[in-house]
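A.B. asks: no sequence on hand, only this structure:
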């Protein structure tokens, strides 16, 4: 299908019913492809965020354990004391 500008409307295109239906199908396929690509991108972004959050939480837990061990060894872990 080749679109050419015709008709008396400025910027308008005159399409036959078959051409309009073909264009509609083409646009639907393009939209579905874009939605799939966006979904894949967002799922990957969420996975990356989950991995970063898991790493930060593991470091936080390890730090709390170290501070707890220092506190039980008689070391005051409060800042400035």
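C.D. replies: Great, that's in hand. Please read these numbers as outputs of a predicted model, since none were measured by experiment. Numbering: from 1, shown residues only.
A.B. asks: what helix or strand is residue 50 located in?
C.D. replies: helix 17-72 (DSSP states H and E).
A.B. asks: roughly how far is that helix from the heart of the chain?
C.D. replies: The chain centre lies 5 Å from the centre of helix 17-72; the measure is C-alpha atoms, centre = their mean, to the nearest Å.
A.B. asks: model confidence over that helix, on average?
C.D. replies: Summarised as a single mean, pLDDT over helix 17-72 is 96.
A.B. asks: tell me what that helix is packed against?
C.D. replies: In terms of contacts (3 or more C-beta pairs under 8 Å, 6 or more residues apart in numbering; DSSP states H and E), helix 17-72 is packed against no helix or strand at all. Where you see a C-beta, it was placed from the backbone N, CA and C, and this is true even at glycine.
A.B. asks: against residue 35, how distant is residue 21?
C.D. replies: According to C-beta to C-beta, to the nearest Å, residue 21 stands 21 Å off from residue 35.
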